[in-house]
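Student: What follows is a predicted structure for the sequence shown.
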Amino acid sequence: MSDRPRLTLAAASAAVALVVGAASPAIADAAIEGIVPQGDGTTVLVVAVEDGCGDAPTTGLALEVPDDVSLIDATAPDGWTRVLDGPRVEFAGTGIPPGQATEFLVTARIGEEAAPEVAVVSEQQCGDGRVGARSQPAFEVTAESVDPRMTVREPPTVSPGADSAQIALVVGAFVLAVAAGTVVARRRSDRD
């Protein structure tokens, strides 16, 4: 291979790396550092965030849980706010400096139908206006972290009830009984 094709290949590779690197969002570096069962059917998830926005501070974090997990509460670091909205919690604040680890606490109920490993969708907001890439930190579900009251069970089977012929038979018997009672009552009143 001559120097010209090598040079062209190297320049093309550098251009692709530059374009892809500039276009790709920051890598969200969120991890579930701990699962703390509370003994009342709730579990606290400790979510740690660090370096998800490169040189920019992290100014927001959104977490979304699957259907078999229900969010109860969330605790944000000092100076941050939180908004619970169904399976999603959004945190916002002044910013976590690059390189500083910060913990967010999420209290949840985990249903018995949950998979052995539950993934939480995580997305960071960066101080420079970028949206960090989504990641899916996961945690293992243990017997202590499951809330048995959240188990979705199939309702008991109920018989379908009477069909049309059975209903017609009962209505017919009722009508005959009323008619017979009316005839008997009339005959007695005529005798008196």
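Tutor: Received the coordinates, thanks.

Student: which regions of the chain sit below the pLDDT cut-off?
Tutor: For the chain, the stretches flagged by pLDDT under 70 are 1-28, 112-115, 133-134, 148-159, 192.

Student: Residue for residue, what is the longest helix it has?
Tutor: helix 164-191 (DSSP state H).

Student: how far out from the middle of the chain is that one?
Tutor: 60 Å (CA atoms, centre = their mean, to the nearest Å).

Student: name the helices or strands packed onto it?
Tutor: Counting contacts by 3 or more CB pairs under 8 Å, 6 or more residues apart in numbering; DSSP states H and E, helix 164-191 packs against no other helix or strand. Quick note: C-beta positions are derived from backbone N, CA and C, even for glycine.

Student: start at 685 instead
Tutor: Done: numbering now begins at 685, and the last item shifts to helix 848-875.

Student: Tell me which residues of it come out buried.
Tutor: Judged by neighbour count (16 or more other CB atoms under 10 Å), helix 848-875 contains no buried residues.

Student: what's the answer for stretch 751-769, then?
Tutor: 752, 753, 754, 755, 758, 760, 761, 764, 766.

Student: gap between the third one and residue 730?
Tutor: Residue 754 sits at a distance of 18 Å from residue 730 (criterion: CB to CB, to the nearest Å).

Student: residues contacting the residue nearest to residue 812 when sequence neighbours are not counted?
Tutor: Nearest residue to residue 812, sequence neighbours excluded (CB to CB, 6 or more residues apart in numbering): residue 740, at 4.0 Å. Listed by CB atoms under 8 Å, 6 or more residues apart in numbering, the contact partners of residue 740 are 710, 782, 810, 811, 812, 814.
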